[in-house]
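Asks: Okay, predicted coordinates and the sequence, questions at the end:
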Amino acid sequence: MIEHLLLKGVRAIVFDAVGTVIHPEPPAAIVYAETAHRLGSKRTAAEIATRFRIAFAREESIDHANGLRTSEARELERWRNIVGWVLEDVTDPDTCFRALFEHFSRPQAWRCDTDVAATMDSLAARGYLLGLASNYDRRLRSVVAGLPGLGRPQHLIISSEIGWRKPAAQFFFALRQAIGLPAETILYVGDDPLNDYEGARAVGLRAALFDPHEKHLDRGFRRMRTLGELVAN
């Protein structure tokens, strides 16, 4: 049923990266804690997770205030600010930041969602163009290159490279231009209601919300609990 409802007339499928097809492994809070403890921090992983959410939201507010413009320099600044605030008690902030920034550039720091490889292979075999799109920086290229389950995407759209962060319309215009197809033939799949679902729909793309934990049952979104639902029929 999902295939008939969502994929009728679709020629390309673009997936959000972090939170939809890839996830940090171990979780980011644990990696932050282990790195910080080597540099004198006393913060627990739970404290770090809470502080991370606060720091991330602050940087999001800054980007929204600046019209969602971004660049490699801005993304570096963003993560330096986040790490610096979350782990303010380390003895060597610069070493801490560089260690974490480098860690998340490695494929080994990430895992694919369980059905990504099979779903990508099946969609490619059926003739769909595939892509990944993300609010990230150039590190995503090394991550994708080293994860076998992500070998299928023909297009990689990264906010720092195009100069705009989701949910800016310019991000999705750039995505559509990269794919080279009419908006109504592109399906965008992501886990964030605003950045992914609403952002894509605002410029005429089709959208599906990846909602494995059923957090958004009352919002009227087109949802899927697993990516494999795309090829279930």
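Replies: Okay, I see it.
Asks: Which single helix of the chain contains the most residues?
Replies: Criterion DSSP state H: the longest helix present in the chain is helix 45-65.
Asks: Tell me the helix or strand right after it.
Replies: Once helix 45-65 ends, the next helix or strand along the chain (criterion: DSSP states H and E) is helix 72-86.
Asks: got the angle between that following helix and helix 45-65?
Replies: Helix 72-86 runs at 140 degrees relative to helix 45-65, counting by axes from the mean of the first three to the mean of the last three Cα atoms, to 10 degrees.
Asks: tell me what helix 72-86 is packed against?
Replies: helix 45-65, helix 93-103, helix 159-162 (3 or more Cβ pairs under 8 Å, 6 or more residues apart in numbering; DSSP states H and E). Quick note: C-beta positions are derived from backbone N, CA and C, even for glycine.
Asks: Okay, buried residues for the helix or strand just after the second one please.
Replies: It refers to helix 93-103. Counting by DSSP H and E, the element after helix 93-103 in chain order, helix or strand, is strand 110-112. For strand 110-112, burial by neighbour count (16 or more other Cβ atoms under 10 Å) applies to 110-112.
Asks: want to throw those residues into TSV with pLDDT?
Replies: Below are those laid out as TSV (pLDDT from 0 to 100):
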residue	pLDDT
Trp110	97
Arg111	94
Cys112	92
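Asks: Among those residues, which one sits closest to Lys166?
Replies: Trp110 (19.3 Å; Cβ to Cβ).
Asks: Thanks again, I'm all set now.
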